[in-house]
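S.K.: Give me coordinates for this.
(one chain, ligands or ions: 1)
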Amino acid sequence: MNFLEEIERRRTFGIISHPDAGKTTLTEKLLLFGGAIQEAGAVKNNKIKKAATSDFMEIERQRGISVATSVLAFMYKDKKINILDTPGHKDFAEDTFRTLTAVDSVIVVIDVAKGVEEQTKKLVEVCRMRKIPMIVFINKLDREGKDAFDLLDEVEQELGLTVTPLSFPIGMGYDFKGIYNIYEKNINLFSGDSKKNISDIIGFDDITSPELEDHIGVEAAETLRDNMELVTGVYPAFDKQKYLEGALQPVFFGSALNNFGVKELLDCFIEIAPHPESKIAEERLVKANENELSGFVFKIHANMDPKHRDRLAFVKIVSGTFERNKPYLHVRHNKKLKFSSPNAFFAEKKQIVDKSYPGDIVGLHDTGNFKIGDTLTEGEILHYKGIPNFSPEHFRYINNADPMKSKQLNKGIDQLMDEGVAQLFTLELNGRKVIGTVGALQYEVIQYRLEHEYGAKCTYEHFPAHKACWVDPEDPNNDEFKEFVRVKQKFLAKDKRGQLVFLADSQFSLQMTQQKYPTVKLHFTSEFE
Ligand code: G4P
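M.R.: Residues are numbered from 1 along each chain as shown. Model prediction:
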């Protein structure tokens, strides 16, 4: 298979959802179709259960699991499918945001009874902003849930999407009879037997045919015809180009647990979802089919073994071919590095790989060379965009609790921040360090890991900040900016890259500051035009 064919057969995507909507179950069913696993229950549950939110030993255990499920790859109908895991737990939302920089499309899972939930909203917003192609899967149709049309309305209104159903349920919950596959024009009858992969598929080019009654009964047939009339009248016809531009989102219905409607989703997905095409770097647009390798680090995972401070850096290949033992330029360090044992991922296993192609993820063993956003090339200076930091929600001073171990503490903080566990802000006024996180859970993780991996102890102290805003003055020499810096000195800090950040102590003070210094732009993410 040549290089272009390798690119064209890759589908790299993420599944996003609010916890409990069925992401893990759907992932598992997709792997079953790919023959990557043999039985249900084989994919270990990577979600951090609500009950475990204050139990960091549990988090550590789950971190181990999540290495294994970070990338799940399998072959299906000659397509190479890479599923990138996205933690659903809100305290790890930033991890998910970063993973979304490495996907070419996403599948959004929604619970038919719960509808659009909070975490789904946040994640879909990020995908919408980046124009990532999205397919929506409405799950748990075997249960009583909301009316299909109400749900489609909700998805449009609450998620700001333009939907077009490509399948439609026939009944729901107790009365659930099956799915009409609009895309392939056939009916798939529900048998309620999860072991049976595919139930009877009946071809139906024309649902006005009286045969429909024979299969689903008079009442259901009438309802389906009415519903289809409404669907064609109300929703735009499917248009692949619009889907690829992020302007139209196809919707499928089904039940992941019962393996129902999943095959329809997967078959359509491999046909319409994009293969890797191009990615914008600060310097230029890089096409996947260019010969020279480029890729970027979107995730770093620490090894579970505290004796080896060895980490795995996950690199998404953007262009060219990644080859084992070939020297590549680490752009930030301006240093050539060779990798003798790059890992590829297959189902839940890692294995050493000689060649990887655009769309693939390789795991590189790292002893502290990488941080998130780093680029590898064959010599060209490239920086991939789109891996911003978002304003944390929680802020605390970090203090050294063991003066003999300050070197270890600093090194530990440095490396944990490179992994993207949290963000570090150094106050301009006195050089004190403030850690910002998305969820309170990370403070426990940091404390635990500093102690177990670096032998350092820390304590925290409340820091009264509400939001971190990246400062972007129109003119750094004007009087307004100088006054801003003088008056707000107490609230100013540098982030890890040395960018100036304003740590607003309340929503009110943020608004007042914006009004008083209109030429000093304040951004909630570290990347802005
Ligand atoms: P998540 O990764 O999005 O957090 O969700 P997960 O797949 O773990 O699913 C959450 C719960 O919903 C699980 O039940 C799962 O069995 C159930 N579920 C998933 N898909 C369907 C479906 O199509 N129909 C029905 N009725 N249930 C579904 P649980 O009891 O929380 O966990 P478990 O004990 O079954 O693992």
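S.K.: Next, the buried residues of stretch 254-265.
M.R.: For stretch 254-265, the neighbour count (16 or more other CB atoms under 10 Å) marks 254-265 as buried. C-beta: built from backbone N, CA, C; applies to glycine.
S.K.: Tabulate those residues in JSON lines, adding columns for pLDDT.
M.R.: Below are the buried residues of stretch 254-265 laid out as JSON lines (pLDDT from 0 to 100):
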{"residue": "Gly254", "pLDDT": "92"}
{"residue": "Ser255", "pLDDT": "92"}
{"residue": "Ala256", "pLDDT": "92"}
{"residue": "Leu257", "pLDDT": "90"}
{"residue": "Asn258", "pLDDT": "88"}
{"residue": "Asn259", "pLDDT": "86"}
{"residue": "Phe260", "pLDDT": "87"}
{"residue": "Gly261", "pLDDT": "88"}
{"residue": "Val262", "pLDDT": "90"}
{"residue": "Lys263", "pLDDT": "88"}
{"residue": "Glu264", "pLDDT": "89"}
{"residue": "Leu265", "pLDDT": "92"}
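S.K.: filter those residues down to the ones near the ligand?
M.R.: For the ligand, the contacts drawn from the buried residues of stretch 254-265 by CB under 6 Å from any ligand atom are 255-258.
S.K.: Among these, which pair sits farthest apart?
M.R.: Ala256 and Asn258 (7.6 Å; CB to CB).
S.K.: ok, back up a step: pull the most distant pair out of the buried residues of stretch 254-265.
M.R.: Top of the distance list for these (CB to CB): Leu257 and Glu264, 15.7 Å.
S.K.: Correct me if wrong: Glu94 contacts Gln442.
M.R.: No - counting by CB atoms under 8 Å, Glu94 sits too far from Gln442 to count as a contact (9.3 Å).
S.K.: interface residues of the stretch 51-200 of the chain facing the ligand?
M.R.: 88, 139-140, 142-143.
S.K.: can you map out the helices along the stretch 251-400 of the chain?
M.R.: For the stretch 251-400 of the chain, the helices defined by DSSP state H, counting those that start in this stretch cover 262-272.
S.K.: which bits of it sit near the ligand?
M.R.: 255-258.
S.K.: what do you get if the cut-off is 5 Å, keeping everything else the same?
M.R.: Residues of the stretch 251-400 of the chain lying close to the ligand by CB under 5 Å from any ligand atom are 255-257.
S.K.: Who is Glu323 paired with across the strands?
M.R.: Beta-bridge pairing for Glu323 (DSSP bridges): Lys355.
S.K.: Let me see the contact set for it.
M.R.: Contact partners of Glu323, counting by CB atoms under 8 Å, 6 or more residues apart in numbering, are 293, 354-355.
S.K.: For those residues, which single residue is the most surrounded?
M.R.: Leu293 (24 neighbours; other CB atoms under 10 Å).
S.K.: dump the residue contacts of that residue.
M.R.: Here Leu293 is in contact with 317, 319-323, 328, 376-378 (CB under 8 Å, 6+ apart).
S.K.: List the backbone torsions phi and psi for it.
M.R.: phi -70, psi 140 (degrees, to the nearest 10).
S.K.: Tell me how many other residues crowd the nearest residue to it once chain neighbours are set aside.
M.R.: Spatial nearest neighbour of Leu293, chain neighbours left out: Gly320 (3.4 Å); criterion: CB to CB, 6 or more residues apart in numbering. Neighbour count for Gly320, taken as other CB under 10 Å: 22.
S.K.: Find me the pLDDT at Gly320, would you?
M.R.: In this model, Gly320 is scored at 97, pLDDT.
S.K.: Verify the stated contact: it with Asn291.
M.R.: Yes - the pair Gly320 and Asn291 qualifies as a contact (CB under 8 Å) at a distance of 5.7 Å.
S.K.: just to revisit the earlier point, mind putting the buried residues of stretch 254-265 into a markdown table with distance to Tyr180?
M.R.: Shown next, in a markdown table, are those (distance: CB to CB, whole Å):
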| residue | distance to Tyr180 |
| --- | --- |
| Gly254 | 12 |
| Ser255 | 15 |
| Ala256 | 19 |
| Leu257 | 20 |
| Asn258 | 17 |
| Asn259 | 18 |
| Phe260 | 13 |
| Gly261 | 11 |
| Val262 | 16 |
| Lys263 | 14 |
| Glu264 | 10 |
| Leu265 | 14 |
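S.K.: Check the gap between Phe298 and Pro342 for me.
M.R.: Distance of Phe298 to Pro342, given as CB to CB, to the nearest Å: 15 Å.
S.K.: The two - which one has more neighbours?
M.R.: Remark: of Phe298 and Pro342, Phe298 carries more neighbours, 25 against 21, as counted by other CB under 10 Å.
S.K.: Check the gap between that one and Ala504 for me.
M.R.: 29 Å.
S.K.: what does His452 give?
M.R.: His452 is 34 Å from Ala504, by CB to CB.
S.K.: Give me the more crowded residue out of the two.
M.R.: With neighbours defined as other CB under 10 Å, His452 and Ala504 compare such that Ala504 has more, 23 against 12.
S.K.: Make TSV out of the residues of the stretch 51-200 of the chain next to the ligand and add distance to Leu230, pLDDT and neighbour count.
M.R.: Below are those laid out as TSV (distance: CB to CB, whole Å; pLDDT from 0 to 100; neighbours: other CB atoms under 10 Å):
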residue	distance to Leu230	pLDDT	neighbour count
Gly88	33	67	24
Asn139	22	96	29
Lys140	23	94	25
Asp142	23	88	20
Arg143	23	89	15
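S.K.: what number of residues lie near Phe411?
M.R.: Just to correct that, residue 411 is Lys rather than Phe. 16.
S.K.: And for Phe252?
M.R.: Phe252, neighbours per other CB under 10 Å, totals 26.
S.K.: which residues sit in contact with it?
M.R.: So Phe252 contacts 135-138, 165-167, 261, 264-265, 268 (CB under 8 Å, 6+ apart).
S.K.: thinking again about what came up before, now, among the contacts of Leu293, which is nearest to the ligand?
M.R.: Ile317 (27.0 Å; CB to the nearest ligand atom).
S.K.: That closest one touches Gly359, doesn't it?
M.R.: Yes - counting by CB under 8 Å, Gly359 is a contact partner of Ile317 at 6.7 Å.
S.K.: Could you identify the most distant pair in the residues of the stretch 51-200 of the chain next to the ligand?
M.R.: Maximum distance among those (CB to CB): 21.3 Å, for Gly88 and Asp142.
S.K.: where along the stretch 351-500 of the chain do the strands fall?
M.R.: Taking DSSP state E, counting those that start in this stretch as the criterion, the stretch 351-500 of the chain contains strands spanning 355-356, 361-366, 375-377, 394-400, 423-427, 433-437, 458-462, 467-473, 492-494, 500-504.
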